[in-house]
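Trainee: Structure for the following, please:
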Amino acid sequence: MKRRKFLEKASLTGLAVSVGATLVTSCASEEKHPKKKIVKIKPIIPVVIATWNVERACKTAWEVLDKNGTALDAVEQGCKIEEADEKDNTVGIGGRPDRDGNVTLDACIMNKNGNYGAVVCMQNIVHPISVARKVMEDTPHVLLAGKGAEKFAVSKGFKQVNLLTAASKKGWEEWKKTSKYKPIINIENHDTIGMLAIDKNGDISGACTTSGLAYKMAGRVGDSPIIGAGLFIDNKIGGATATGMGEEVLKTVGSFLIVELMRQGKTPQESCEEAVHRIVSSNPNYKHFQVAYVAVNKQGETGGYSIHKGFSYRLSQENIHKNVISDYFNKG
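Mentor: Predicted coordinates for the structure are as follows:
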């Protein structure tokens, strides 16, 4: 009996010591590592960010937001400016053709709800970004290709136009004399426009449109119209978009990666840098092609990064309307 009481007392004493030690350790730990106060940052919105120095496109998108328009309307209207510019031979009408002399366009769009629409290898329609939106809003599908995409566009009232201008045809005929393709840094024979926007309600949307690689194999599709590669939006976190060698962006699902890194707490700038590092760490030929990203988070913070020098992006935010020269990886 005495032995039982002794054991009970010893057990209770040990428990008390253990609990006490835990409390002391806990208090000491809190003194050394006090809990961080959660500071809520006031979002810097609205905001528009786009690949390359597309001043008119961003101005148009910003005007939509300034009039209390939606981010979705802003990115569509902004991209349409570049698609309609015949002097821009990388997007829309006047875009450089494939090896057969056909201008084929790719585009995608995402809204605040995560809905997505895209068209690939579409011919004879000036505004693929608007057709992509119709795919998203008016069909049960998310992606239409080739003649099917063109037929759908016509059914929605889009006019068929010959996208091969005199200038782009002349360039194609010159190319046929050698029929060689060599990527050119910061040109890649194409410059995609990717655009992200946050409206006054704090909602995020994005769009991406391109005529793709100049003199590409017929049927080639890059990253631009593919969700998670050329563009990705998560309204709770942020968005990202890409430009450059699409094959490399596709292989690393770059835009999705950036948004996931932001979800983990990284800034847009840190996330863009990590996405570029993923490419260069796995491809020893990175010195021969360019890839660049831009991103924005829910707070309106932005970032951009590229493999090589020469990439820039356009930013509109509060009283800021400027071209930003991007930092880059290859400084050797």
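Trainee: Can you give me the neighbour number for the closest residue to Thr165 other than its chain neighbours?
Mentor: In space, Thr165 comes closest to Gly94 once its chain neighbours are excluded; the distance is 4.4 Å by C-beta to C-beta, 6 or more residues apart in numbering. Yep, even glycine has a C-beta here, placed from its N, CA and C like the rest. The local packing of Gly94 (other C-beta atoms under 10 Å) involves 23 other residues.
Trainee: got a list of what Gly244 touches?
Mentor: 188, 192, 289-292, 306-307, 311 (C-beta atoms under 8 Å, 6 or more residues apart in numbering).
Trainee: residue contacts, the residue lying closest to Asn297 once chain neighbours are set aside?
Mentor: Distance criterion C-beta to C-beta, 6+ apart; nearest residue to Asn297, sequence neighbours excluded, is Gly238 at 3.7 Å. With contact taken as C-beta under 8 Å, 6+ apart, Gly238 is in contact with 204, 259, 262, 268, 295-298.
Trainee: and Glu270, backbone torsions?
Mentor: phi -60, psi -40 (degrees, to the nearest 10).
Trainee: oh, and call the first residue 15 from now on, that's how I've got it
Mentor: In the new count, where the first residue is 15, that last one comes out as Glu284.
Trainee: ok, Ile293 touching Tyr300?
Mentor: Yes - taking contacts as C-beta atoms under 8 Å, Ile293 lies within contact range of Tyr300: 6.3 Å.
Trainee: what sits in contact with each of these two?
Mentor: Listed contacts common to Ile293 and Tyr300 are Ile321; contacts here mean C-beta under 8 Å, 6+ apart.
Trainee: Following the record's annotation, map out the domains of this structure.
Mentor: What the record gives for the chain is the domain set 15-53, 61-342, from automatic domain parsing.
Trainee: Of the ones you listed, which stretch is the most buried?
Mentor: Of all these, domain 61-342 carries the top mean neighbour count, a mean of 21, counting by mean count of other C-beta atoms under 10 Å.
Trainee: which other residues reach stretch 277-293?
Mentor: Residues contacting stretch 277-293 (C-beta under 8 Å, 6+ apart): 248, 251-252, 254, 262-263, 265-266, 268, 271-273, 275-276, 300, 305-311, 315-321, 341, 343.
Trainee: repeat that for 6 Å
Mentor: 251, 262, 266, 268, 271-272, 275-276, 305, 307, 309-311, 315-319, 321, 343 (C-beta atoms under 6 Å, 6 or more residues apart in numbering).
Trainee: Thanks a lot, catch you later.
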